[in-house]
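**Q** Below is the structure, and that's it, no one-letter string:
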């Protein structure tokens, strides 16, 4: 058929007896004595045999490589590991632990029930039987989902194993299970504001779950916090009792290690149970310790005194005129139950004199005051690892009135977290550490100096005086050398005026005073006077006794050694008892 | 046929057969081992899951308020007060067999004795 497409050689015509000319195109040209057909055949067979041998040799070398070579060169090889038994944790999100290894948040393996509506044969029967097994589903919504057009619809998430068994037992086609995780908080309310909660897709929505979401999803090594569960619980119990006793609307407490800035405990009441669905607007979701900005009141006098002593313009023995209210251009500064005489710096702290503090600040000057407040971090957001943080409110113009009011704690609004971090830096020898809640954080190496060592020592003595002689008398726990400063701030009402009876009381304490280890800041929101407190609502009547109870309870837990002299009667009794044996 | 030819034919047939049987049995063994491996891995996974759930339950049982309720119910002890804790070296005991401790205890007694006459008498009587 295709013959005509092939060019044919012209057949030459040979006359009889004519010489046959052999040209280059002759087919016999390629035949030589060496290359006869038989040897060519042999060569081809040899070639085939050699290629097969090559293939077998490659297989043999590969076999050697796979079976014997790994055990000769190195004991571990990636391929040999592949064949070992491997242990892979199916849980994707990392646990959160406290500093002693107690599990605060963990994910449990659950199954989600989903349906492929196309495969469901009898939606009505399936919906009816499902509602029997899962009573919290509604028949109409299940039926609607099973008759919808989509190819994938979740029926219920996070089933228990018994529910899974029952649904399997029903034998309805089209229903399938998918592996899921459910975040569980075994301690319920205790770490609610710190750890936060997650939504249905296991994404963090508040607290550490939100701030460290990446870290928690990337590796399944548990995240260790510096929080101590036992101390947290003790503090929470005491705060709850204090709220009940003084009829307050809220309370918060922060316990911090002064040397490293680690937060040992952070409680804000009211709180919520992160295992249950949360209402984001509820008051219990508000973290008063890190998100609420408040005017600190007299607690700021600590920083006022530190600033004055550090600047060198005020010495400890200096006296200031607190005989009359201080009249400035726009306001008059009065003392609460004032002494009406000249006060030295320790007396200003002990009697918590507004006039004295204002005079100290005016002597130092607004520029230095502003610089100092910036140095101890009152102007910025605190660099803390939970998601709820707040910017502070600072006055824009720093005139004479502002200098005076900031000196005794009004006009500037900061969070309790700011206060306790700055307080720690004042009492620990003068180094400011950023607060941290992660155990292996490197923040403690990045401290910077805010006041000198001597000023810090003087401040510790002043604060100890407040507790022995001043408004903090009820916090003078035997053996733990508590030092601190009280603060009572009037609350601003909605129309911008200070309401007299509504206060926010605080007490910033550190113990033991001669070598501070921990700083505790307790704050009560709107405590009410009662018969026991003679109707007074100042800090010395409510926050200070609460702090005393807290320190008595947690100091042994924190391994702070009690240090006091035996009194004589007890000493004699012990000696007698020893000699009677 | 020559004997070498028959020998080579016999060898040519038996050796591949033997090799074939050997390979087949090895393959079966490997398959059996792989099945074991899969079942072991599955049981490891199940164990890991249940350990995880048990850890969560342990943490739940360690809830401090629950422990406090149990302690109040079963243990009749109160929280420790600061006054109940004291440094060992502050005690004026003289029963120490260890020399260094006795010196410390003696120092304590002699130190306190400076403040308290009653203790001086005891220290004298004891010497």
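**A** Yes, it's here. Owing to the predicted nature of the structure, the values given are computational and were not obtained by experimental measurement. Numbering: from 1, shown residues only, chains lettered A, B, ... in the order given.

**Q** now residue A:19: how far from residue A:66?
**A** For residue A:19, the distance to residue A:66 equals 68 Å [CB to CB, to the nearest Å]. Glycine gets a C-beta too; all of them are placed from N, C-alpha and C.

**Q** max-length helix in chain B?
**A** helix B:3-61 (DSSP state H).

**Q** who has more neighbours, residue A:19 and residue A:66?
**A** Legend: neighbour count by other CB atoms under 10 Å in any protein chain shown for residue A:19 and residue A:66, higher for residue A:66 (11 against 7).

**Q** Please read off the pLDDT at the more buried one from the model.
**A** Looking at residue A:66, its pLDDT is 84.

**Q** Check the one 3 residues further on too.
**A** The confidence metric pLDDT takes the value 74 at residue A:69.

**Q** helix/strand/coil for the closest residue to residue A:440 other than its chain neighbours?
**A** Excluding the flanking residues, the one nearest residue A:440 by CB to CB, 6 or more residues apart in numbering or on different chains is residue A:224, at 6.9 Å. Reducing the assignment at residue A:224 to three states with DSSP: H, G, I helix; E, B strand; the rest coil gives strand.

**Q** pLDDT at residue A:224, what is it?
**A** Note on residue A:224: pLDDT of 92.

**Q** thought it was touching residue A:439?
**A** Yes. Counting by CB atoms under 8 Å, residue A:439 is a contact partner of residue A:224 at 4.0 Å.

**Q** list residues touching both of those two?
**A** Counting by CB atoms under 8 Å, 6 or more residues apart in numbering or on different chains, the contacts common to residue A:224 and residue A:439 are residue A:99.

**Q** Give me the more crowded residue out of the two.
**A** A direct count of neighbours by other CB under 10 Å for residue A:224 and residue A:439 places residue A:224 higher, at 17 against 14.

**Q** May I have the phi/psi pair for residue A:18?
**A** The phi and psi values for residue A:18, taken as degrees, to the nearest 10, are phi -80, psi 150.

**Q** how many other residues sit next to it?
**A** Each residue near residue A:18 was counted by other CB under 10 Å, and the total is 9.

**Q** thinking again about what came up before, the longest helix of chain B near chain A at all?
**A** Yes. For helix B:3-61, a contact with chain A is found by CB under 8 Å from any CB of the partner chain, at B:37, B:40-41, B:44-45, B:48-49, B:52-53, B:55-60.

**Q** Measure how buried the residue of the stretch 451-581 of chain A found nearest chain B is and give me the count.
**A** Closest residue of the stretch 451-581 of chain A to chain B, CB to the nearest CB: residue A:479 (3.8 Å). By the measure other CB under 10 Å, the count of residues near residue A:479 is 21.

**Q** wait, isn't residue A:331 in contact with residue A:402?
**A** No. Counting by CB under 8 Å, residue A:402 is not a contact partner of residue A:331; they are 10.0 Å apart.

**Q** Which residue of these two possesses the greater neighbour count?
**A** It is residue A:402, of residue A:331 and residue A:402, that has more neighbours when counted by other CB under 10 Å, with 22 against 15.

**Q** SS state for that one?
**A** helix.

**Q** next one: residue A:114
**A** Secondary structure, three-state DSSP: residue A:114 is strand.

**Q** Since that was my last question, I'll sign off now.
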